[in-house]
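S.K.: the sequence and its predicted three-dimensional model are supplied below.
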Amino acid sequence: MRIIAGIYRGRHLKSPPSLDVRPTSDRLRETLFNILAPRINEVRFLDLCAGSGAVGIEALSRGASHATFVDKSRKICGLIEANLDLCRVPEDQTEIFNTEALEFLHQAESRKMAAWDIVYFDPPYSDNYLRVLEHMGSNPGKLLTETGIVIAEHYHKNQLPEDIGALHCTRTLKQGDATLSFYETGSSTDFSLCSD
């Protein structure tokens, strides 16, 4: 795995040791950030179920001001920290949380953490996506900025609902076995992600 573009371009990252962790492919990551390019600068980015941290580090490389990494595995959180060190990312630009995705969202609300502009949610394909997405859809103002978006990476045969609370799917993109579903709230329609 490597960082594709930006200030950390070409840096090779350590891969997860377990086959249970499925990193987002370089090709899919490149496609994702080509789509996000017009809005990545100076954003707060949440890498939920972060794995190696490659997606969040790519966001920082391309201009995000801050990235939050969340993973339930202590070993994987150590791997994220090692990859941040490899890229020499300044410590004040990142936070790492060793917890379940839904538990983290509850913590973020109770601590009144600053909202995120972009949330990337990539759990194991066998997980129940809806619990986390429904929570974000029911509390968008507490977790997302007014123009915030949520991107879920999922198995292409696992179709997610078009509407989940206040979240509306504005685009889906399939690549290999993976699909990216882009969700926005009604207040974020100033930036269209609709397919051509």
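M.R.: Cool, the structure landed.
S.K.: going forward, measure contacts and count neighbours with C-alpha atoms only.
M.R.: Noted.
S.K.: longest strand anywhere in the protein?
M.R.: Longest strand in the chain, counting residues (DSSP state E): strand 144-155.
S.K.: ok, then the element right after that strand?
M.R.: Downstream of strand 144-155, the first helix or strand assigned by DSSP states H and E is strand 163-164.
S.K.: ok, the helix or strand following that next one: who's next to it in the sheet?
M.R.: For strand 163-164, the succeeding helix or strand toward the C-terminus, using DSSP H and E, is strand 167-175. Strand 167-175 has the following strand partners under DSSP bridges: strand 163-164 (antiparallel), strand 178-184 (antiparallel).
S.K.: so which of these comes closest to residue 71?
M.R.: When the strands paired with strand 167-175 are compared by CA to CA, strand 178-184 sits nearest residue 71, at 19.5 Å.
S.K.: taking strand 144-155 as reference, get the angle to the closest one.
M.R.: Counting by axes from the mean of the first three to the mean of the last three CA atoms, to 10 degrees, strand 178-184 lies at 160 degrees to strand 144-155.
S.K.: list the buried ones in strand 178-184?
M.R.: For strand 178-184, a neighbour-count test (16 or more other CA atoms under 10 Å) marks 178-184 as buried.
S.K.: report the beta-bridge partners for residue 69.
M.R.: With beta bridges defined as DSSP bridges, residue 69 has these partners: residue 47, residue 96.
S.K.: report the contact partners of it.
M.R.: Counting by CA atoms under 8 Å, 6 or more residues apart in numbering, residue 69 touches 46-50, 53, 56, 80, 94-97.
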